[in-house]
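Asker: Okay, sequence plus prediction incoming.
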Amino acid sequence: MNVVDSLRPHYDFVVCGSGTSGSVVARRLAENTSVSVLLVEAGGSDQVPSITAAGQWPLNLGSERDWGFTAAPSADVNGRAVPLSMGRVLGGGSSINLMVWARGHADDWDHFAFESGDKAWGYEAVLDIYRRIEDFHGAPDPVYRGTGGLVYVEPAPNPSPLAPAAVEAARSVGIPVFENQNGRMMEQRAGVAITDIRARAGRRESAFDSYVRPILGQPNLDVATDALVTRITVDGSRATGIELFYAGRVHQIAAGTEVILSAGAINTPKVLMHSGIGPADELHRVGIALKAHLPGVGQNLQDHPGFDCVWEHREPLAPRNNASEATYFATSRNSLGAPDLQTCQAEVPKSSVENIARFGLPEHGWTLFAGVVRPQSRGYVRLRSADPLDRVDIHANMLSHPADVKAAVAAVELAREIGNSEPLRPFAKREVMPGNLHGTELERFVRDAASSYWHQTCTAKMGRDAMSVVDAQLKVYGIDGLRIADGSIMPRVTTGNTMAPCVVIGERAADMIRKEHSL
């Protein structure tokens, strides 16, 4: 890998962000050795034990490999400022996350196709992509799963006894069991399975590992680390390259064909706005010259809120794999045709500071992390100043919509029913939290418990309305030569963990770029 001082002043393609989508785009473009590609990453090396060892992922949270974002305090979460971790390292979020491979529900992708007006975003088309890219090491399932692709996936091997017990517990309350987390299960209203993970023999498989590392020796690909993209340079209505901050000074790199922005749902709108692309009134407020008025930039922020329900265990139970080996999806009400709830089982006790103070946290125990995966709440990202080194203000607005509070209560009540059921009783000395709360007390618990699933998305959404930022080809409206490929383009957050959909977004972006430029 090269560093900025050895980089060329001009590339055909510049990819900003080496995370889950950016790594995919860089690899697919660099496969054509006649084009030059620069992949820029604000963070540093991923070759540290807390990343490579699957079970050590919690050590990355709050470290230098985490952007360390925090939502503004909100009355909707009882005045708390919820942490919003995102990866600042080669591989981005795929290097610090829980490694869960969750494709998104069929209904999600068909919604993307409807919003974009392009059936190539629909479920059947995306299913073809998943089959093509996967190297699935579970029970053979050729209708739904792929083998031989770049993306190693397997159901958590040799899971903790807690995981199959959690699957049986979900079955005992009427949730159907599936052979794996993806495939058929993502076409149903509910389901439970052992979790699909991106780890091999206890070692994490990040997007950078799978896509970029195997081709690092190619002369047409440069990777810059510890290099912060501050702006897209724009001449008239065309993106011409990037500015980056490195070693104390600003550098300019030209992009002869396209710039692809893959900086994530917080930094993508930040870079756009600092480049003059965004809401005119917002840019005027901080003194940035307008290049393209796109009122949706930084709006529509979505995330999955989660709520820790904790049980004490009689004895230590050593976590295995990623320490989260079973997951179920369900609906909060019978009228829904697709899941709006997800719970991940965690083999450790965990909770918010407020609820630890209220209920205590056992030395030995486990958690059902109940989540709302179809949130109605919407947040936004706002600039503090025209200085691109300044942080942004993040108004997550978690639980600001009353429907989300109702869904959260339903998620916690279902988790309690499952956690206290017969199959999990051998693992439960007692229920620690929330216990048998109702009404305002249960709502208080939910607001005190609410934390991020770290699935921040949707701040530069794809669509055809006035608040859309990119079209079906992921091109930024009003600016030629600029595309966005990351979770920020989602019209709504997908059902489940967002890594797998972001890989598909990267694959779709690369396919469209290669087709347009005959690569």
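Answerer: Thanks, I have the structure now.

Asker: quick one: contacts for Glu134?
Answerer: 145-147, 149, 151, 153 (Cβ atoms under 8 Å, 6 or more residues apart in numbering). The way it works is simple: take the backbone N, C-alpha and C, and place the C-beta from them, glycine included.

Asker: now it, which residues is it bridged with?
Answerer: Applying DSSP bridges to Glu134 yields these beta-bridge partners: Val151.

Asker: give the contact list for Gly17.
Answerer: 40-42, 92, 229, 261-264, 267-268, 486.

Asker: run the last query once more with 6 Å
Answerer: Taking Cβ atoms under 6 Å, 6 or more residues apart in numbering, we find Gly17 in contact with 262-263.

Asker: again with Glu347
Answerer: 160, 162, 319, 323, 366.

Asker: Without its sequence neighbours, what residue ends up closest to it?
Answerer: In this structure, Glu347 finds its nearest non-sequential neighbour in Pro319, 4.0 Å apart by Cβ to Cβ, 6 or more residues apart in numbering.

Asker: Ala408 now?
Answerer: Val446 (4.6 Å).

Asker: Can you read off the backbone torsions of the one you found?
Answerer: Here is the backbone geometry of Val446 (degrees, to the nearest 10): phi -60, psi -40.

Asker: again, but for Arg88
Answerer: Torsion angles, degrees, to the nearest 10, at Arg88: phi -120, psi 80.

Asker: So what's the residue count around it?
Answerer: By other Cβ atoms under 10 Å, 26 other residues sit near Arg88.

Asker: what pLDDT does the nearest residue to it once chain neighbours are set aside get?
Answerer: Excluding the flanking residues, the one nearest Arg88 by Cβ to Cβ, 6+ apart is Gly43, at 3.8 Å. Gly43 is assigned 97 on the pLDDT scale.

Asker: could you check the distance from Gly43 over to Leu272?
Answerer: 20 Å (Cβ to Cβ, to the nearest Å).

Asker: same check, this time on Leu244
Answerer: Applying Cβ to Cβ to Leu244 and Leu272 gives a distance of 15 Å.

Asker: So which of these two has more stuff around it?
Answerer: Remark: of Leu244 and Leu272, Leu272 carries more neighbours, 29 against 23, as counted by other Cβ under 10 Å.

Asker: what's in contact with stretch 449-467?
Answerer: Contacting residues not belonging to stretch 449-467 are listed as 77, 82, 84-85, 115-117, 265, 268-269, 296, 298, 300-308, 352, 355, 371, 381, 398-399, 468-470, 484, 487-491, 493, 498 [Cβ under 6 Å, 6+ apart].

Asker: so where's the longest strand in the protein?
Answerer: Longest strand of the chain, by residue count under DSSP state E: strand 249-261.

Asker: what lines up beside it in the sheet?
Answerer: strand 10-16 (parallel), strand 238-246 (antiparallel), strand 482-484 (parallel).

Asker: helices or strands up against the very next helix or strand once past that strand?
Answerer: Where DSSP states H and E defines the elements, the next helix or strand beyond strand 249-261 is helix 264-274. In this structure, helix 264-274 makes packing contacts with strand 380-383, judged by 3 or more Cβ pairs under 6 Å, 6 or more residues apart in numbering; DSSP states H and E.

Asker: Rebuild the contacts of Glu134 as TSV, extending it with distance to Ser451 and secondary structure.
Answerer: Shown next, in TSV, are the contacts of Glu134 (distance: Cβ to Cβ, whole Å; DSSP: H, G, I helix; E, B strand; the rest coil):
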residue	distance to Ser451	secondary structure
Arg145	31	coil
Gly146	33	coil
Thr147	36	coil
Gly149	33	coil
Val151	28	strand
Val153	26	strand
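
Asker: Considering those, which is situated nearest to Ile277?
Answerer: Nearest to Ile277 among the contacts of Glu134, counting by Cβ to Cβ, is Val151 at 31.8 Å.

Asker: Okay then, goodbye and thanks.
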